[in-house]
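All I have is the shape, not the residue letters:
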């Protein structure tokens, strides 16, 4: 009796036993091979499916990589363009490709009220200084530092490289143009006339032959103009009295005492002198004749300072357009000296 099946045990040596065992083995092999066949088909299907899925995934990943690569390339290109644009804009706005702030030394005057002078506290004030501060605010690439000095020292300091800009109501003259670079933008009208006492009948330089005329500093436009006049008019020369470093009080005293018969001034300067130094409230000085010089005023630079000149020109143009230049002129001079007088 078979313990597993409960059937009578069959001996392998009996005919019946051998037949049963052979049949069992045959069917067992059949089932085994069928199992292998089915398993093989299943594995093939799974393999094909896995291959297809894997392939699809691979294609998708490749497309993603390509897509990302294209996007990254485009983004990189855009960023490069943006960076280039930003750098160019930065260079244009700052005037410096390394982003550093450049110190610029400005030289201006100490005794030309109301344009550039030292107040009672010794501070440098006036129209020149206020305009320069506004320019400095518009040019973040530069930081202005100021040095105040006598008029004639300014151009000497400019030539020596001690200052970068000379600012002192500089009129245009051919002599200056030979040595210095003028700003492209002017910032004040500067028309000068002979100034004499109200009871003086002089009307022109011809009427002042042999007389003393106060001309300002030795490097002033007036000195240059009257020197040229003397060269071109032999026998009609005037005597030039340079007055570098003198104050308005000294100028008034010289004219009133007739130590000099005339001076060369703007009409606004004549008004200032009458206002500040009249003893009875009446005018004591007057402008006469045709202009000695009809000019605008400019900043002076060394010949190679074109980049700095252009930057300051741009700022001056902005101050003209937004009205700030006129506002400062009225504040300091009493009227808009940026226009024709």
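That came in fine, so what should we check first? Just so it is clear, the model here is predicted, and its values are computed rather than measured.

For the stretch 101-250 of the chain, which segments count as strands?
Read by DSSP state E, counting those that start in this stretch, the stretch 101-250 of the chain holds these strands, from start to end of the chain: 102-108, 111-112, 116-118, 124-125, 142-148, 165-171, 181-182, 188-197, 212-216, 239-242.

neighbouring strands for the second one, and are they parallel or not?
Spelled out, that is strand 111-112. Applying DSSP bridges to the sheet, strand 111-112 is found paired with strand 116-118 (antiparallel).

Excluding its own residues, what touches the partner strand? List them.
Applying Cβ atoms under 8 Å, 6 or more residues apart in numbering, the external contacts of strand 116-118 come out as 108-111, 124-129, 148, 167-169. Using the backbone N, CA and C atoms, a C-beta is placed for each residue, glycine as well.

Out of the strands of the stretch 101-250 of the chain, which is closest to residue 314?
Judged by Cβ to Cβ, the one of those that comes nearest to residue 314 is strand 142-148, at 11.8 Å.

ok, for residue 125, nearest residue in space, not its chain neighbours?
With sequence-adjacent residues excluded and distances taken as Cβ to Cβ, 6 or more residues apart in numbering, residue 125 is closest to residue 119, at 5.0 Å.

Wait, that neighbour touches residue 129, no?
No - with contact defined as Cβ atoms under 8 Å, residue 119 does not reach residue 129; the gap is 10.5 Å.

From the structure, what's the count of residues near residue 185?
Residues contacting residue 185 under the criterion other Cβ atoms under 10 Å number 20.

residue contacts, it?
298, 312-313, 316-317, 320 are the contacts of residue 185 under Cβ under 8 Å, 6+ apart.

With secondary structure and pLDDT added, can I get the residues you listed in TSV?
Listed next are the contacts of residue 185 as TSV, based on DSSP: H, G, I helix; E, B strand; the rest coil; pLDDT from 0 to 100:
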residue	secondary structure	pLDDT
298	strand	98
312	helix	98
313	helix	98
316	helix	98
317	helix	97
320	helix	97
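
buried subset of these?
Applying 16 or more other Cβ atoms under 10 Å to the contacts of residue 185, the neighbour count classes 298, 312-313, 316 as buried.

wait, which of those is closest to residue 263?
Within the buried ones among the contacts of residue 185, distances to residue 263 taken as Cβ to Cβ reach their minimum at residue 298, with 22.5 Å.

Distance-wise, check the closest one relative to residue 234.
Between residue 298 and residue 234 the distance is 32 Å, computed by Cβ to Cβ, to the nearest Å.

and if you look at residue 253?
Separation of residue 253 from residue 234 (Cβ to Cβ) stands at 32 Å.

Tell me which of the two has more neighbours.
In this view residue 253 and residue 234 are compared by other Cβ under 10 Å, and residue 253 has more residues nearby, 13 against 7.

Kindly supply the PyMOL command isolating those of the contacts of strand 116-118 that are buried.
In PyMOL, the members of the contacts of strand 116-118 classed as buried (16+ other Cβ under 10 Å) are selected with the following command:
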select buried, resi 108+109+110+111+124+125+126+127+128+129+148+167+168+169
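
what's the closest of the strands of the stretch 101-250 of the chain to residue 325?
In terms of Cβ to Cβ, the element of those nearest to residue 325 is strand 188-197, at 8.8 Å.

Parallel or antiparallel, which strands does that closest one pair with?
Strands adjacent to strand 188-197 in the sheet, as given by DSSP bridges, are strand 262-266 (antiparallel), strand 285-301 (antiparallel).

possible to save these as a markdown table with distance to residue 205?
Written out in a markdown table, the entries for the strands paired with strand 188-197 read as follows (distance: least, Cβ to Cβ, whole Å):
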| stretch | distance to residue 205 |
| --- | --- |
| strand 262-266 | 9 |
| strand 285-301 | 8 |
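
Show me the one of these that comes nearest residue 244.
Shortest separation from residue 244 across the strands paired with strand 188-197 is recorded for strand 262-266, at 13.7 Å, computed as Cβ to Cβ.

which outside residues touch that closest one?
Judged by Cβ under 8 Å, 6+ apart, the contacts made with strand 262-266 from elsewhere in the structure are 190-196, 200, 202, 208, 211-216, 222, 226, 251, 255, 273, 287, 292, 341.

now the helix or strand just after that strand: how far from the chain's centre is it?
Sequence order places helix 267-277 as the next helix or strand after strand 262-266, per DSSP states H and E. Shown here is helix 267-277, whose average C-alpha point lies 37 Å from the average C-alpha point of the whole chain (Cα atoms, centre = their mean, to the nearest Å).
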